[in-house]
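Participant: Compute the structure for the input listed below.
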Amino acid sequence: MEDKLLPKEKNKLRKPVVEKMRRDRINSSIEQLKLLLEKEFQRHQPNSKLEKADILEVAVSYLKQQSQQDQTFLHKNREQDFNSGYLRCLKEAMHFLSYYEPKKETQVQLIKHFCKAQMGADVMYSPALRSPPLSPRL
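Facilitator: Numbers count the residues shown, from 1 in each chain. Reported below is the predicted structural model:
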């Protein structure tokens, strides 16, 4: 019988089936969101029947919150990485300058400058990055 139908008539018959499949996919995804964010729903609306719009709103709110936390965490890590690298570079330069004999006046001035810079960096940066300054062999 389907062979005898015109393409337009076939589309009319298929459209409700395709639409039902689309709605089923949407509903299934919303139900999965509800299960994934169950704790979040208990915080926001305990003991209330959730509508689909409520589930979507809480999901969006939760994802925004997570995104902001991730950005803050990444920013702090980058800053710590930079500070840690800066201090390591400073210590390496001081070690290099203080290792070789004889000391020239320029070397001595650079070592003193780096010591001051390291002490300033230790005060400015977090306690996790602090360490005793290298004592140059002058």
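Participant: What is the longest helix along the chain packed up against?
Facilitator: Taking DSSP state H as the criterion, the chain has its longest helix at helix 52-99. Helix 52-99 sits against helix 7-36, helix 38-44, helix 105-124, with contacts defined as 3 or more C-beta pairs under 8 Å, 6 or more residues apart in numbering; DSSP states H and E. Quick note: C-beta positions are derived from backbone N, CA and C, even for glycine.
Participant: what about residue 66, neighbour count?
Facilitator: Using other C-beta atoms under 10 Å, residue 66 has 10 neighbouring residues.
Participant: Kindly apply the preceding question to residue 55 instead.
Facilitator: Residue 55 has 19 nearby residues by other C-beta under 10 Å.
Participant: likewise residue 114?
Facilitator: 21.
Participant: What of residue 41?
Facilitator: 19.
Participant: Of all the residues in stretch 62-78, which ones are buried?
Facilitator: Buried positions in stretch 62-78, judged by neighbour count with 16 or more other C-beta atoms under 10 Å: residue 62.
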